[in-house]
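Chemist: Turn this into a structure:
(chains A and B)
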Amino acid sequence: MKKYIDQGSKDTRSGFGAGMTELGRTNPNVVSLCADLIGSLKIQTFIDENPERFFQIGIAEANMIGIAAGLTIGGKIPFTGTFANFSTGRVYDQIRQSVAYSGKNVKICASHAGLTLGEDGATHQILEDIGLMKMLPGMVVINPCDFNQTKAATIAIAEYEGPVYLRFGRPVVPNFTPADQKFEIGKGIMLNEGTDVTIVATGHLVWQALLAAENLEKQGISAEVINIHTIKPLDTDMILKSVKKTGCIVSAEEHNYLGGLGESISGFLAKELPTPQEFVATNDTFGESGTPAQLMDKYGLNNKAIESAVLKVVKRK
Amino acid sequence: MPKLQELQDLTIQVRRDILRMVHKVNSGHPGGSLGCTEFLVSLYNEIMELKDGEFDMDGKDEDLFFLSNGHISPVFYSVLARRGYFPIDELNTFRLLDSRLQGHPTTHEGLPGVRIASGSLGQGMSVALGAAQAKKLNNDNKLVYSLHGDGELQEGQNWESIMYASAKKVDNLIATIDLNGQQIDGSTDTVLNMGDLKAKFEAFGWDVLEIKEGNDLEAILEGYKDAKSRTGKGKPVCVLLYTMMGNGVDFMMHTHAWHGKAPNDEQLATAFAQNPETLGDY
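Modeler: Next up is the predicted model:
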């Protein structure tokens, strides 16, 4: 199995901040908006270097989305910043009408997604945001897996014309993708080739999928691991090619199985090539307070849960 | 004053357009449209500085307008068409399948003149603020205008944007509130009394002026000359425009009944008789 080295664990939100810093230096049209969470979004450097291109909105997310839509009229590329919950559920209609339906070039950048927000509990731990965003016509949905990939994704979406939802998180996680890896929207990344099962993971679950694959190899199971950073548009070519070889699939994400990556995959495969699938995802539930590790364990979102899902799905072939 | 006569003729013709559009498809919102006809006719033909030629979404170096209360699309479409943004004949397609003239305005079908979708209420002021701030970043000294229903101010997002506009000194924005005092379920006072809107806007740090005769062309032109002179002074400008819903059609006035209802054949004939053709029907 191909080895991946943690180059030094970091939080994905810092990857976003680093991406914003670079965009601030390279793209004069990029502007940043924030609803009172500068520290959480790691955008202080962008602000220090480009004060005139930063808009502190205050705790008023609906207004932030509308202002972002307006800023595109005049050629700006607005990046909004707040927690995932307040980036999506709180402002769904504003995104739907003023951004998605209006076709505006707004980048909705959301930190603290999922359970790994931790102790703040379910009010802040959105597990429905991928579903909300992927249902909007024309919306691109991206959930990178580590610092390097989040930085690359942040830079890449500035070059893409159209609305994007970029989802990342709070905890420090292994940083293992190459710093110079080109980020291609809608293109999955083959992390490990295998023959017995396909594991398709997104966000924080990608590293967990690699850990699971290592352990599975010891048990004689060859797992193909795909990093799907873009949930919409989904890299269906890569997924189809893989399951044609392996005959079964496990999807892994820090999100409700309803509306998530797994649902997009099963919806596609049902039409193209019905394939046994197991879902590593939350099971139609809210989260709760706890440490990120405790929560990922309790809700079945780690390498152990992926291994169990693999052992189950290979028997269904 | 010839200009005034031209605007008057256009106003009557736009009224006829509105009535024909909603009558044909037996749907749409004539009441608020008629109430804002004088304002939008004046805005697009006298008040705003607009660039001629092909429609430019970014609108650099020209004034911009955002319609927040998108349900008054009939008046918006008629005024845009008669200002030359798209063929007047296209008004025939209002609310029909495959039309660019959707029930509520949208950019989705690429209708020239429209820069944002509206219809779900309360979002337009935020958008206008963003566009105004983009103008400042671009060193573009033209203005941004927006229109909002009075009932629409019951949506909380407005107050987020009203607070923001003054805090951030967005002084290149003139936001107009269509004070017709009516909404779907009755008068704004009975549905949800909003109190003293002038005092509220002033308390939020805006420069507020009132146009009491909001269906009088001269009063509108005078009022917006005043409004323009107040821009660039550190405060956003609010115009409280007192209008009559259904203005120009006697049986549609003094009631909220025509908010979202189309006239029948007989009512259309009555309304036409009160507004004889001036510039030619589409």
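Chemist: Any idea which residue is closest to the centre of the chain?
Modeler: In the absence of a named chain, this looks at chain A. A:Asn143 (1.3 Å; Cα atoms, centre = their mean).
Chemist: Pretty sure it sits against A:Arg167.
Modeler: Yes: taking Cβ atoms under 8 Å as the definition, A:Asn143 is a contact partner of A:Arg167 at 4.5 Å. No exception for glycine: its C-beta is placed from N, CA and C like everyone else's.
Chemist: And the strands in chain A, which stretches?
Modeler: For chain A, the strands defined by DSSP state E cover A:10-11, A:30-34, A:54-56, A:77-83, A:107-111, A:140-142, A:164-167, A:172-173, A:189-192, A:197-201, A:223-227, A:230-232, A:249-256, A:277-282.
Chemist: Report how many residues lie close to whichever residue of the stretch 151-282 of chain B sits closest to chain A.
Modeler: Using Cβ to the nearest Cβ, the closest approach of the stretch 151-282 of chain B to chain A is made by B:Glu160 at 3.8 Å. Neighbour count for B:Glu160, taken as other Cβ atoms under 10 Å in any protein chain shown: 24.
Chemist: do the same with the one 10 residues further on
Modeler: The criterion is other Cβ under 10 Å. On that basis, B:Val170 has 24 neighbouring residues.
Chemist: Backbone torsions only: list them for it.
Modeler: phi -80, psi 80 (degrees, to the nearest 10).
Chemist: if I look at it, how far off is A:Ala62?
Modeler: Applying Cβ to Cβ, to the nearest Å, the value for B:Val170 to A:Ala62 is 17 Å.
Chemist: And what about B:Ala131, helix, strand or coil?
Modeler: Put simply, B:Ala131 is helix when judged by DSSP: H, G, I helix; E, B strand; the rest coil.
Chemist: Per-residue pLDDT of it, please?
Modeler: Confidence at B:Ala131, expressed as pLDDT, is 98.
Chemist: Over to the one 10 residues further on?
Modeler: Per-residue confidence for B:Asn141 comes out at a pLDDT of 98.
Chemist: ok so, going back, what residues do A:Asn143 and A:Arg167 have in common as contacts?
Modeler: The contact sets of A:Asn143 and A:Arg167 overlap at A:Ala113, A:Ile130, A:Gly203 (Cβ atoms under 8 Å, 6 or more residues apart in numbering or on different chains).
Chemist: Quick check: nearest residue in space to the last one, chain neighbours excluded?
Modeler: So that's A:Gly203. Counting by Cβ to Cβ, 6 or more residues apart in numbering or on different chains, A:Gly203 lies nearest to A:Asn143, which is 4.2 Å off, once chain neighbours are set aside.
Chemist: what do you get for the first one?
Modeler: Computed as Cβ to Cβ, 6+ apart, the closest residue to A:Ala113 that is not its neighbour in sequence is A:Ala84, at 3.7 Å.
Chemist: Residues in contact with stretch B:80-96: which ones?
Modeler: Residues from elsewhere that reach stretch B:80-96, judged by Cβ under 8 Å, 6+ apart: B:10, B:13-14, B:17, B:20-22, B:24-25, B:27-28, B:44-45, B:50, B:52, B:55, B:73-74, B:77-78, B:99-103, B:111-114, B:279, B:282.
Chemist: ranges for the strands of chain B?
Modeler: Here chain B has its strands, by DSSP E, at B:64-67, B:144-149, B:173-179, B:182-183, B:186-187, B:207-211, B:237-242.
Chemist: Which elements pack onto the last one?
Modeler: For strand B:237-242, the helices and strands in contact under the criterion 3 or more Cβ pairs under 8 Å, 6 or more residues apart in numbering or on different chains; DSSP states H and E are strand B:173-179, helix B:197-203, strand B:207-211, helix B:217-229.
Chemist: got the CA positions of the longest one in PDB?
Modeler: Same thing as helix B:217-229. In PDB, the C-alpha atoms belonging to helix B:217-229 read as follows (Å, rounded to 0.1, in the frame of the first residue of the first chain):
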ATOM      1  CA  LEU B 217     -43.800  63.500 -11.400                       C
ATOM      2  CA  GLU B 218     -42.700  67.000 -10.400                       C
ATOM      3  CA  ALA B 219     -42.500  66.100  -6.700                       C
ATOM      4  CA  ILE B 220     -40.500  63.000  -7.600                       C
ATOM      5  CA  LEU B 221     -38.000  64.900  -9.700                       C
ATOM      6  CA  GLU B 222     -37.600  67.600  -7.100                       C
ATOM      7  CA  GLY B 223     -37.300  65.100  -4.300                       C
ATOM      8  CA  TYR B 224     -34.600  63.000  -6.000                       C
ATOM      9  CA  LYS B 225     -32.600  66.100  -6.900                       C
ATOM     10  CA  ASP B 226     -32.600  66.700  -3.200                       C
ATOM     11  CA  ALA B 227     -31.800  63.100  -2.400                       C
ATOM     12  CA  LYS B 228     -28.800  63.100  -4.800                       C
ATOM     13  CA  SER B 229     -27.500  66.200  -3.200                       C
END
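Chemist: Going by neighbour count, which residues of that helix are buried?
Modeler: Residues of helix B:217-229 classed as buried: B:Leu217, B:Ala219, B:Ile220, B:Leu221, B:Gly223, B:Tyr224, B:Ala227, B:Lys228 (neighbour count, 16 or more other Cβ atoms under 10 Å in any protein chain shown).
Chemist: any idea which residue of chain A is furthest from its center?
Modeler: Largest centre distance within chain A, by Cα atoms, centre = their mean: A:Gly220, 30.4 Å.
Chemist: How many residues are close by residue 238?
Modeler: Answering for chain A, as no chain was given. As a burial measure, A:Met238 scores 18 neighbours (other Cβ under 10 Å).
Chemist: Not quite, go with chain B.
Modeler: Here the number of neighbours of B:Cys238 (other Cβ under 10 Å) works out to 29.
Chemist: Repeat that for B:Ala131.
Modeler: Using other Cβ under 10 Å, B:Ala131 is surrounded by 28 other residues.
Chemist: List the contacts of it.
Modeler: Residues near B:Ala131 by Cβ under 8 Å, 6+ apart: A:Gly70, A:Leu71, A:Ile73, A:Gly74, B:Gly59, B:Leu64, B:Phe66, B:Arg115, B:Val144.
Chemist: Apart from its neighbours in sequence, what residue is nearest the fourth one?
Modeler: Leaving aside its chain neighbours, A:Gly74 sits nearest to B:Ala134 (2.9 Å; criterion: Cβ to Cβ, 6+ apart).
Chemist: surely that neighbour meets A:Ala69?
Modeler: No: contact criterion Cβ under 8 Å: B:Ala134 and A:Ala69 do not qualify, at 10.7 Å.
Chemist: what about those two, which has more around it?
Modeler: Neighbours per residue (other Cβ under 10 Å) separate B:Ala134 from A:Ala69, with A:Ala69 holding more: 31 against 26.
Chemist: if I read this right, the more buried one contacts A:Lys107, doesn't it?
Modeler: No: using Cβ under 8 Å, A:Ala69 is not in contact with A:Lys107; the gap is 11.7 Å.
Chemist: Name the residues contacting each of those two.
Modeler: What both A:Ala69 and A:Lys107 touch, as defined by Cβ under 8 Å, 6+ apart, is the set A:Pro78.
Chemist: B:His23 against B:Leu268, yeah?
Modeler: Yes: when contacts are counted by Cβ under 8 Å, B:His23 is listed as touching B:Leu268 (4.8 Å).
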